[in-house]
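**Q** I need the structure of the sequence given here:
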Amino acid sequence: MIKNVIFDLGGVLIDWNPRYLYRKIFKDPAIMEHFLTHICTQAWNERHDEGVTFAANAQQLIVKHPQFATHIKAYDERWGEMINGPIQGTVDLLEKIYDQGRFRLLGLSNWSAEKFPVAEQRFPFLQNFEDIVVSGRIKIKKPNPEIFRHLCIKHGLVPEQSLFIDDVLANIEVARHLGFHVELFRDPDRLAARLIALDMLT
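**A** Numbering: from 1, shown residues only. Below you'll find the predicted structure:
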């Protein structure tokens with residue numbers, strides 16, 4: 001029996017993408033893609049999720065790419081512009097689960113400790129969670145199994161009684177291996193169908 005529902009945030013409940021910012025900065029989409037593929041890369045950004053500060057992380061790139069110093073600093077200074085808004089269909093499902101009062105709701109997110117307060121201030125629905133484990137705060141990020149163990153120990157969760165929802169296959173595979181019920185998020189309609197099939201929504 002599922003007693004706990006664990007949501008990822010970015011890509012599931014919140015629409016975050018650096019392109020929302022950098023389309024404003026770069027006139028040429030090809031140069032923007034080069035910048036995000038070879039300079040402010042996904043791997044570089046994920047260091048923030050492990051607790052590295054934006055200032056320290058940016059400085060290393062600025063030394064290597066001084067011609068892009070302003071663009072690199074924008075990743076920190078204009079970070080809020082990378083958030084397009086909520087993924088409303090999923091937020092609606094979250095609120096339905098919350099209103100039922102049948103399940104514990106928890107968040108498990110790869111997110112910078114520095115920037116997470118921006119999301120907390122912007123999205124009141126995050127208050128529906130009993131707790132949100134933020135990778136940047138504990139300096140462990142998904143798919144490291146230790147972040148799942150941290151969540152379980154902190155909140156007394158049994159994986160076999162928990163549904164984990166995430167849009168990244170690697171995270172889903174680790175959670176499944178640890179015993180969680182899992183749902184690879186693709187869109188709110190598919191998630192709703194799975195929740196109905198599990199008798200978690202009426």
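**Q** Which residue ranges of this structure form helices?
**A** Per DSSP state H, the chain carries helices over the ranges 19-25, 29-38, 42-49, 54-64, 69-77, 88-100, 116-122, 135-138, 145-155, 169-177, 188-197.
**Q** Comparing the ones you listed, which stretch has the densest surroundings?
**A** Ranked by mean neighbour count, the helices of the chain are led by helix 135-138 with a mean of 19 (mean count of other Cβ atoms under 10 Å). C-beta: built from backbone N, CA, C; applies to glycine.
**Q** Output the contacting helices and strands for that one.
**A** Packed against helix 135-138, as judged by 3 or more Cβ pairs under 8 Å, 6 or more residues apart in numbering; DSSP states H and E, are the following elements: helix 42-49, helix 145-155.
**Q** Show me what the last one is packed against.
**A** Under the contact criterion of 3+ Cβ pairs under 8 Å, 6+ apart, the helices and strands touching helix 145-155 comprise strand 104-109, strand 131-134, helix 135-138, helix 169-177.
**Q** Pipe these into a markdown table and attach distance to Ala30 and mean pLDDT per row.
**A** Formatted as a markdown table, the entries for these read as follows, by distance: least, Cβ to Cβ, whole Å; pLDDT from 0 to 100:
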| stretch | distance to Ala30 | mean pLDDT |
| --- | --- | --- |
| strand 104-109 | 31 | 98 |
| strand 131-134 | 34 | 98 |
| helix 135-138 | 31 | 98 |
| helix 169-177 | 28 | 98 |
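**Q** could I get the ones you listed as TSV with distance to Ala55?
**A** Conversion of the helices and strands packed on helix 145-155 to TSV gives the following (distance: least, Cβ to Cβ, whole Å):
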stretch	distance to Ala55
strand 104-109	22
strand 131-134	19
helix 135-138	14
helix 169-177	28
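**Q** Next, the distance between the ends of stretch 13-20.
**A** In stretch 13-20, first residue to last residue: 17 Å (Cα to Cα, to the nearest Å).
**Q** Show me which positions of that stretch end up buried.
**A** Under the neighbour-count criterion of 16 or more other Cβ atoms under 10 Å, stretch 13-20 has Leu13, Ile14, Asp15, Trp16, Pro18 buried.
**Q** Relative to Val158, which of those residues is nearest.
**A** Of all those, Leu13 has the smallest distance to Val158: 23.8 Å, by Cβ to Cβ.
**Q** Surely that closest one is in contact with Val91?
**A** Yes. Taking contacts as Cβ atoms under 8 Å, Leu13 lies within contact range of Val91: 5.9 Å.
**Q** shared neighbours of these two, anything?
**A** In terms of Cβ atoms under 8 Å, 6 or more residues apart in numbering, Leu13 and Val91 are both contacted by the residues Phe125.
**Q** Understood, closing this out.
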